[in-house]
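Q: Build me a model from this:
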Amino acid sequence: MCVSIVRLHHTVQQAATIGILNVQELVNRLRAEVRQDAFSEDGEGGLTIRYEQHDWHDESKITKQVDARPMLEAGEMPVHQVMADLKSLQEGDIYELTVPLLTVPLIEKAASLGFDYWVEEKEEDLFIIRFLQID
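A: Residues are numbered from 1 along each chain as shown. As a prediction, the model looks like this:
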């Protein structure tokens, strides 16, 4: 079941367009079908996606940067590598992940393990997610 996330992302965008929905609304409908909490960009729902830069962000504290796009284009799922990388961080370290789509399940998992985060949307299909080890 190694489906390219990049292709899946474009398929979801196309389906949302056909259904005259925004991508977030379509994803939340799909998440509801599998009994997962909705996510929100405005504080409503189970997970709030934070786009504002946190005051903890300091470029000098970024200890690891990973661009997951080549892995995703090759059909690989980088979640295991990212989780292992996150678990190896020391308190105050920042991990920077570059992805072509918003990886809500990964953000949820990291948040449940005590990581803080913020998302920078560079383009429609380019996100930088920064995680901070706070425990």
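
Q: Phe127 versus Val99, what's the distance?
A: Taking C-beta to C-beta, to the nearest Å as the measure, Val99 falls 5 Å from Phe127. For glycine as for every other residue, the C-beta is placed from the backbone atoms N, C-alpha and C.

Q: So between the two, which is more surrounded?
A: Val99 (24 against 19; other C-beta atoms under 10 Å).

Q: For that one, give me its contacts.
A: Neighbouring residues of Val99 by C-beta atoms under 8 Å, 6 or more residues apart in numbering: 68-69, 72, 127, 129.

Q: how far away is it from Glu91?
A: With C-beta to C-beta as the criterion, Val99 and Glu91 are 24 Å apart.

Q: okay if I get the contacts of Val99 as CSV plus pLDDT?
A: What follows is those, written out as CSV (pLDDT from 0 to 100):
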residue, pLDDT
Ala68, 93
Arg69, 91
Leu72, 85
Phe127, 91
Ile129, 95
